[in-house]
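Asks: fold the following for me, if possible:
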Amino acid sequence: MFRFKQFTIHQNRTAMKVCTDSCVLGAYAELGTGGRLLDIGTGTGLLALMAAQRNPTARIDAVEIDPAAFGQAVENVNASAFSDRVRVVQSRIQTFSSEPYDRILCNPPFYTNHLRSPDQAVNRALHNDELPFEELLASVVRLLKPEGQFWVLLPPSEMQRLVLIAEKAGLHPYQQLEVRHNDPKPVFRTIAGFVFDRFSTPKTEQLSIFNPDGKIYTESFRQLLQPFYLNF
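Replies: You can find the predicted model right below:
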């Protein structure tokens, strides 16, 4: 169980647990005001609930294919103060249909050629067999408004691959956040916002989670997560 300031995430039945980089995505992505938001592969419902807290008038759909994760997301949403604005749907995103969205969020599975776990739920959460980037982006293009934004979190190498596929689909990165554990360490996650308008050079920002000693959170990280973390 992971307690945030305005909601609680139970995660005993889901393969994807609450992780710091996903929290950074939920706190950093531009969500606008009002409108309709979509969380693809919601897992526990974390990103959908963070979005509901940040955008108090948005209507949010959270789509999840795994039955156990879907059930847990439903419970987490129903136990929150945002249950009237968040709808959890069990579906493959490839067959999910809806009116277009102003914002789409996704923390997708990204392993391609890694060893598999005997737990099929873990494989579904971590490996992109069921949601390859081409199918993810085709779904985003189909479900995103022309003026909308798509926000995604990936390791740097996978983000480079996604950008190439996205641009062929008509989506272009306009803003990126490079995330490090601490300053001496390399970037381990990239968060990017995509739009249909072409940008020549995306704006790139940096975030270190810890100070160089690797033990104390940076002030930038604390400010970003302050609305959510209990001890900030």
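Asks: mind checking which helix or strand of this protein has the lowest mean pLDDT?
Replies: helix 120-126 (a mean of 45; mean pLDDT, DSSP states H and E).
Asks: hmm, who's touching the top strand by length along the chain?
Replies: Identified as the longest strand of the chain according to DSSP state E is strand 144-154. Strand 144-154 is contacted by residues 21-22, 24-25, 29-30, 32, 100-108, 110, 140, 159, 162, 171, 189-196 when judged by C-beta atoms under 8 Å, 6 or more residues apart in numbering. Just so you know, the C-beta spots here come from the backbone N, C-alpha and C atoms, and that holds for glycine as well.
Asks: buried members of these into ChimeraX, please.
Replies: Command for ChimeraX, covering only those of the contacts of strand 144-154 found buried under the criterion 16 or more other C-beta atoms under 10 Å:
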select :21,22,24,25,29,101,102,103,104,105,106,107,108,110,140,159,162,171,189,190,191,192,193,194,195,196
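Asks: from the contacts of strand 144-154, which ones fall inside helices?
Replies: 21-22, 24-25, 140, 159, 162 (DSSP state H).
Asks: mind putting the residues you listed in TSV, distance to Phe82 and pLDDT included?
Replies: Supplementary listing: the ones in helices among the contacts of strand 144-154 in TSV, determined by distance: C-beta to C-beta, whole Å; pLDDT from 0 to 100:
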residue	distance to Phe82	pLDDT
Asp21	22	95
Ser22	18	97
Val24	20	98
Leu25	18	98
Val140	23	98
Met159	29	97
Leu162	29	97
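Asks: what about the residue lying closest to Pro184 once chain neighbours are set aside, distance to Asp183?
Replies: Among residues not flanking Pro184 along the chain, Pro212 sits closest, at 6.2 Å (C-beta to C-beta, 6 or more residues apart in numbering). Counting by C-beta to C-beta, to the nearest Å, the gap from Pro212 to Asp183 is 5 Å.
Asks: ok, now Lys17?
Replies: For Lys17, the distance to Asp183 (C-beta to C-beta) stands at 26 Å.
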